[in-house]
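Asks: build the 3D model from these lines:
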Amino acid sequence: MDIIENLRVQGISEKLIEDILYFRKYFDLNKDLEYRITKSSTYFYGKDILSMCISAILEDENILLSGPKATGKNILADNLSEIFGRPQWNTSFHINTDSSTLIGTDTFIDNEVKLRRGSVYECAINGGFGVFDEINMAKNDAIVVLHSALDYRRVIDVPGYDRVGLHPATRFIGTMNYEYAGTKELNEALVSRFMVIDIPAIEEDKLMLILKEEFKDAEEEKLIQFAGIFLDLQLKSQNGEISSKSVDLRGLIGSLKAIRRGLEPKLAINMGMTGKSFDLYEKEIVGDIIKTRIADKWESKDIFPNKVKMSY
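Replies: Predicted structure coming up:
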């Protein structure tokens, strides 16, 4: 399904879709940058969240996606790049991220000093969507260089070089999760430059929609049990009984892929979810939840009775 058609299926306003198509037509894209448009294999499901993101981007706003683990923040960021047909530059923030990582740094090329452009610089001049992954893991002195790019000025002053104005199609998308180690409270001045969108914990109907889309050849009743594992673990984590380490949607999907390949379900789920926690007590709790959902006698063919031919 085309990503625009998916928006229609989810009930996104036709007016918003018309504005998206106009945006894509109005801002031409250099063919050399088409490879940077993320082609999503998975779609984010959530009419209200998508509508908020699309409206903010159309109104020249930057957005900050906040929410717990496994809510699809990165998938949503990738989808937005494809929806608007813009190249994407991704920056994963960490404690050592500094201004040179974002803007650029001097380097020696062809016997002269030149600027090696950073991800934000490239995004700014090419009208891209800049994704700041886990933005609340960066130091404040690294982020402060972005203030002029993120507010009404829409410029970047590169020390020793020229002042760079942002391409009118340029947008920035931040993602953050306060549950991860190393995260901190965001600077108020930075937050004020974003429209903040809180993404709630995933619910059963949305989770089943994702799993059925990804595993069309799976037995639906069995998929419900795997979804139940994730939802049970999510509830345990929300109640403070376990950490969020095993509440891993990527791990669940990876486990199902291994099962489709032929691995025993209990071994696959141990790799994808139980093994994400290194605390023995927590492993026992996760293992007990899995035992209530997955029978030891289950084999790959029980979950995928009509398995399609596997490819690489």
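Asks: so where do the helices sit in the stretch 151-300 of the chain?
Replies: For the stretch 151-300 of the chain, applying DSSP state H, counting those that start in this stretch gives helices covering 188-191, 204-214, 220-238, 249-261, 265-272, 280-293, 300-303.
Asks: for Q10, find the nearest of these.
Replies: Ranking the helices of the stretch 151-300 of the chain by proximity to Q10 (C-beta to C-beta) places helix 204-214 first, at 9.9 Å. From N, CA and C alone the C-beta is placed, and that goes for glycine too.
Asks: what about that closest one, average pLDDT?
Replies: The pLDDT scores in helix 204-214 average 92.
Asks: that one to helix 220-238, inter-axis angle?
Replies: 130 degrees (axes from the mean of the first three to the mean of the last three C-alpha atoms, to 10 degrees).
Asks: buried sites along helix 204-214?
Replies: K206, L207, I210, L211 (16 or more other C-beta atoms under 10 Å).
Asks: and it, what other elements does it pack with?
Replies: Applying 3 or more C-beta pairs under 8 Å, 6 or more residues apart in numbering; DSSP states H and E, one finds that helix 204-214 makes contact with helix 220-238, helix 249-261.
Asks: in TSV, list the helices of the stretch 151-300 of the chain along with distance to T101.
Replies: Listed next are those as TSV, based on distance: least, C-beta to C-beta, whole Å:
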stretch	distance to T101
helix 188-191	16
helix 204-214	33
helix 220-238	32
helix 249-261	25
helix 265-272	32
helix 280-293	35
helix 300-303	43
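Asks: E61 is nearest to which of those helices?
Replies: Per C-beta to C-beta, nearest to E61 of those: helix 188-191, 13.0 Å.
Asks: how far out from the middle of the chain is that closest one?
Replies: Relative to its chain's centre, helix 188-191 lies at 21 Å (C-alpha atoms, centre = their mean, to the nearest Å).
Asks: what is the burial count for V145?
Replies: Neighbourhood size, V145 [other C-beta atoms under 10 Å]: 19.
Asks: quick check: the spatially closest residue to it that is not a sequence neighbour vs T170, distance?
Replies: Leaving out its chain neighbours, the residue that sits closest to V145 by C-beta to C-beta, 6 or more residues apart in numbering is S99, at 4.3 Å. Distance of S99 to T170, computed by C-beta to C-beta, to the nearest Å: 18 Å.
Asks: neighbour count: these two, which is higher?
Replies: T170 (23 against 19).
Asks: which element, helix or strand, includes the most centrally placed residue in the chain?
Replies: Nearest to the geometric centre of the chain sits N74, at 0.3 Å (C-alpha atoms, centre = their mean). Per DSSP states H and E: N74 is located in helix 73-84.
Asks: do the same with F132
Replies: strand 129-133.
Asks: tabulate the helices and strands packed on helix 204-214 (TSV), appending mean neighbour count.
Replies: Output for these, formatted as TSV (neighbours: other C-beta atoms under 10 Å):
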stretch	mean neighbour count
helix 220-238	18
helix 249-261	19
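Asks: could you give the average pLDDT over the helix holding N74?
Replies: 95.
Asks: kindly calculate the angle that it makes with helix 204-214.
Replies: Using the same axes, to 10 degrees: helix 73-84 against helix 204-214 is 60 degrees.
Asks: could you give the average pLDDT over whichever helix or strand comes after helix 73-84?
Replies: Using DSSP H and E, the helix or strand that follows helix 73-84 towards the C-terminus is strand 88-92. Here strand 88-92 scores 91 as its mean pLDDT.
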